[in-house]
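A.B. asks: Would you be able to build a 3D model of this:
(2 chains)
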Amino acid sequence: MRKSTTKLVPIVTLSDVHVRLASRAGPVHILRGIDLTINTGDQVGLVGPSGAGKSTLMMILAGMEQASSGRVEVAGQPLHSMTPDGMADFRRDYLGIVFQSFHLVPSMTALENIALPLELAEDPDAFVKARHFLQEVGLGARGDHYPAQLSGGEQQRVALARALVSQPALLLADEPTGNLDQSTGKIIIDLLFSLTQKHGTTLFLITHDEALASRCQRVLHMHDGLIREQK
Amino acid sequence: MTTPLAVLPLSLRLALRELRAGFRGFYIFLVCLFLGVATIASIGNLSGSLVAGLAQRGQEILGGDMDVRLVHRQLVAAEQSYLAAQGELSHVATMRVMAQNLDTGQNLLVEAKAIDEIYPLAGTLDLQGDAERAALFTPSYAAFIEQSLLDQLDVALGDEIKLGDIKVKLVALIAREPDRLAGGFALGPRLMVSHATLTASGLNQPGAVISHHYRLKLAQGDATRLDQVRTALDNEFPLAGWRLRDRRDASPAVRRTVERVGLFLTLVGLTALAVGGIGVGNAISAYLTQKRKTLAIYKALGARQALVGRIYLNQIVLLAIIAIGAGLLFAVVALQAAQPYLQAILDIPLTIRPHLPSLGAATLFGLATAVGFTLAPLGVAAQLNPAALFRGAVEDTYPPLSAVYRFAILACLGIIIGLSFAISERADITLYFILALASSYVLLRITAWSVGQLARRMGQGGRFGWRLAWRNMTRPGAVVQSVILSVGLAVTLIATLAQIEGNFSAQLQRDFPDRAPSFFAIDIQPSQRTDFVAYVTSQSAFRDYDMVPMLRGSVLALNGVPVANITPSPDIAWFLRGDRGLTYAATPPADEHISAGEWWPADYVGPPLVSMDQRIASGLGLELGDRIKVNVLGRALEAEITNFRRVDYGSGQIAFALIFSPSPLQAAPHTMLATISMAPEAEQDFSRALTSQFSNITLVRVKDAIETVAQLLAQFANAIWLLSVVTILASVFVLAGALASSRQGRLKDAAILLALGARRAAILRVFITEYAILSALAAVIAGGLSTVASWAILTFTMRASFALLPWHIFASLGGAFLLTLALSGAVIWLQLYRSPVQLLRSE
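C.D. replies: From the prediction side, this is the model:
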């Protein structure tokens, strides 16, 4: 089996990770030497101001961005040395992501959106499992609705179901309540914590909200491309 | 749970899911592809149907299973009996002669045709009214004629006209002549008589240019039998000098014309497809930009690059199939509907049926264009890493296109080029076209790149509106390339066509008549020579004349190699086909230049020598000292090439590719050919008088011949112009697509400018200035490209002279510039009219 859920085993190991991006205005140094270890089953919150590099760090962990230098190992996979297709396979097999802007495919129904990661993994029971997760997030009756026909909270629930349906080792959540009102946000967060606990998924949560971060076992602070403080 | 589509590959399933949202964003793609495919398929279907029609009705068009043609002479007894033993044999003779109104003396060049009682062996000769064909074979002289003869000679049915030495009664109108097409290019109306009548007219004198056709209907006319008879005839009578045709290719001249016109029209259609391809590329680029987020989601969820590429390629191929299908359907249905109209124009038997090879070619052209123009933007999008896709424009350096995509683009290009050659019998013309299109494309892209560089500088200073117009050209999603390429290519085509047509009509209708003589006189008997010259030169309106001996013969071999084994370059292939006019002379023609070798002494007597057109000789790889064998009146004559001449067939003067030394040919039966220049106002009277004086001499009035040719060319030009409208349409759609794709950015700018107090008209001026600069630059480049292209086409392909026609260039470029400006102005005005305010409210 590809996934490991054993506790106290590092699932994320970052050593001296730098990210520099090119742009017409000149290079931008976003991450300036990150060292980080996260154990399997941990719930980790990352807080910091805008522009601190939180989303870039998440992109690095997701294998959607290559580090300019340093070592990145997630679920035993050396992301710093993998090809784009290798990283795509890594995301498919080990990762779930929840975005602030939901990022559902607008031309697919809620059910199809949830089934998508399983379809990519060629799981023959993709739609059976997707329907089960749709019920888990309380949207059993909305499977045939398109994202545009769902509220923001409902879209984020679909996104959460899609992130967890393939039972990933690591769930990355980038400001999952940033586009939601307070009460809807709370429902989503409760669901996020309960489902990750239920499925034993490691959670890496990025947020501006210190209170929300404090619900995690560990809270990291990020500023100007560096993780300056760890509790 | 499984969905009904679960059996499909994942990439196709996901493609279909995305397409459920409709074709929004694909309209320009669909329209551009539809236009190109419909045009190419229509042309291919029409010319394919015409050629297939010629083949299917070959027996009727040829007047039998096989046609044996002899010029000057009839079959000798041995040949006659051999042919008659093969099946039913019918004899038809054709010649150009003068018919004259007995009352007014008015004369007319007619295409005379003498038939026998069993004509036609295939099809039927239909006469109008209750006329009987037997009327032609009574002891009195009678003729069947076309209506146009009555109109032009001002006579009526039942009247008599003068034909050579006799009076012939016009007894019936021809409604349908089954083998009309096999007769080739007609300079006058048909006049059909019996052989007895033609003989009695005295027109068929020794050496007169008369063609005898012996039509053979075989008892068993299958292909094997046709080949057997052809081979047997060649073996049995190797020096007969006849031309053999069979029903499988009854009218090669018409077929070649159809194929060649089809080729030119297809090339114009391909230009429309190339312009449309830019629209296809732009549309896909805009679509993928709009789909960046979805692409990123696929990748974030673990889809590999290849899968993402396939998802969108599948969508594009599915849509291309719809557009191509619609184009093919249009080609079949619209042509079917237009069949009666086309039949009337073309005067060729026409049964429009789906011509599968042409439809297949159009499909491949469409698919290769759609995929080829799609792969570059798709490759870039599929390769971008998902973080960049989510992030938007922070990272604006793109990875180079992967080898797979580059190879696939080259493969599509290869298919388009290969197919262009495959459908063309003139590889040289196709090559010129591809080179012209490719260099135009490259030059316009370089222009677009240079404009981008220039815009960075110009955007730094100057008045606000001017500066902003230039800066708009450098922002992400700018339309510089789309506008310059689409407008540039379309205007290049239009201006090229305008210059070619302008040059042609100037030469044909102004320059040529100035140089050309008033008349060509044919079939002058050597015995009439002195009287003829005396008569002509005594006329008060006489200006000049020239007279040379005239025979006809066909080329048999070059340096001992039979012509059947020689593959000439396409532009001179006509020289080895059929009969050529030949002459002999003691001295070189006064107005032709000897480019190599020496002319023979004026009193030369000895083995035959020949002077040859240099261009034809070099096309056949012949050198001085080589030998050419021709068949004249059934006798093989081999001559050594002693010199080359530069021959100008467009001079309007007598011009021969081959001029022999006098000794062998002057003893052969032949006639004289003369050119006569008269004062234009006296031409009609002179023609009447000459025909009265010399009834066997045929006069071809050059003005009438030019008129006939000009009418044919005008039909061809009209067809090309009609098709170039498709290219303009494609370019308009590309432009509209570019305007639509840049709409969002423009609206945002406009909204901000409006909020800061700019007036709508001022904002409109900024955008119009941008388009004015771009379309003016595209037009200027197109002006240069079209001038080079028309010069090259006229000089190298059509062997015509080129003159710069500033007014034609200016009219094409100015028209295109104004059209672009008006279109972009209207679209931008409509976009700005309400949307910026709405945008401002929503932001």
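A.B. asks: What is the burial count for residue 179?
C.D. replies: Reading this off chain A. Residues near residue A:179, counting by other CB atoms under 10 Å in any protein chain shown, number 16. Where C-beta positions appear, they are placed from N, C-alpha and C, glycine not excepted.
A.B. asks: Hmm, no, I was thinking of chain B.
C.D. replies: Other residues within reach of residue B:179, judged by other CB under 10 Å, total 26.
A.B. asks: residues from chain A in reach of chain B?
C.D. replies: Contact residues (CB under 8 Å from any CB of the partner chain) of chain A with chain B: A:21-24, A:28, A:56, A:59, A:62, A:64-66, A:84-85, A:88-93, A:95, A:97, A:99, A:103-108, A:112, A:116-117, A:119-122, A:127-128, A:131, A:162.
A.B. asks: which among those residues end up buried?
C.D. replies: A:21, A:56, A:59, A:62, A:64-66, A:84, A:88-93, A:95, A:97, A:99, A:103-105, A:107-108, A:112, A:116-117, A:119-120, A:127, A:131, A:162 (16 or more other CB atoms under 10 Å in any protein chain shown).
A.B. asks: Please list the members of those that lie in strands.
C.D. replies: A:21, A:95, A:97 (DSSP state E).
A.B. asks: could you measure the second one against residue A:167, distance?
C.D. replies: Going back to what we said before, that points to residue A:95. Look at residue A:95 and residue A:167: by CB to CB, to the nearest Å, they are 11 Å apart.
A.B. asks: Residue B:76 too?
C.D. replies: Look at residue B:76 and residue A:167: by CB to CB, they are 99 Å apart.
A.B. asks: Report the central residue of the chain.
C.D. replies: The chain I'm using is chain A. residue A:172 (1.7 Å; CA atoms, centre = their mean).
A.B. asks: Chain B was what I was after
C.D. replies: residue B:261 (2.9 Å).
A.B. asks: Residue B:719 is in contact with that one, correct?
C.D. replies: Yes. Here residue B:261 lies in contact with residue B:719, judged by CB atoms under 8 Å, at a distance of 7.3 Å.
A.B. asks: need the contact list for residue 46.
C.D. replies: I went with chain A, as the question did not name one. By CB atoms under 8 Å, 6 or more residues apart in numbering or on different chains, the contact list for residue A:46 reads A:54, A:57, A:204-207, A:213, A:219-222, A:227.
A.B. asks: please go with chain B instead
C.D. replies: B:262, B:335, B:342, B:352.
A.B. asks: Secondary structure element holding it?
C.D. replies: Using DSSP states H and E, residue B:46 sits in helix B:27-56.
A.B. asks: For that helix, buried residues please.
C.D. replies: If you call a residue buried by 16+ other CB under 10 Å, then helix B:27-56 has these buried ones: B:28-54.
A.B. asks: Ignoring the adjacent residues along the chain, who's closest to residue 147?
C.D. replies: Just so you know, I chose chain A. Among residues not flanking residue A:147 along the chain, residue A:104 sits closest, at 4.2 Å (CB to CB, 6 or more residues apart in numbering or on different chains).
A.B. asks: Not quite, go with chain B.
C.D. replies: Leaving aside its sequence neighbours, residue B:147 sits nearest to residue B:173 (CB to CB, 6+ apart; 5.9 Å).
A.B. asks: where does that neighbour fall, helix, sheet strand or coil?
C.D. replies: Classification of residue B:173 by DSSP: H, G, I helix; E, B strand; the rest coil places it in strand.
A.B. asks: how close does it sit to residue A:186?
C.D. replies: Taken as CB to CB, the span from residue B:173 to residue A:186 is 98 Å.
A.B. asks: just residue B:677 next, same as before
C.D. replies: Residue B:677 sits 105 Å away from residue A:186, going by CB to CB.
A.B. asks: Give the residue from those two that has the larger number of neighbours.
C.D. replies: Taking neighbours as other CB under 10 Å, residue B:677 and residue A:186 compare with residue B:677 leading, 20 against 13.
A.B. asks: Whichever strand or helix holds residue A:73: which residues count as buried?
C.D. replies: For residue A:73, the host element (DSSP H and E) is strand A:69-74. By neighbour count on 16+ other CB under 10 Å, the buried set for strand A:69-74 is A:70, A:72-74.
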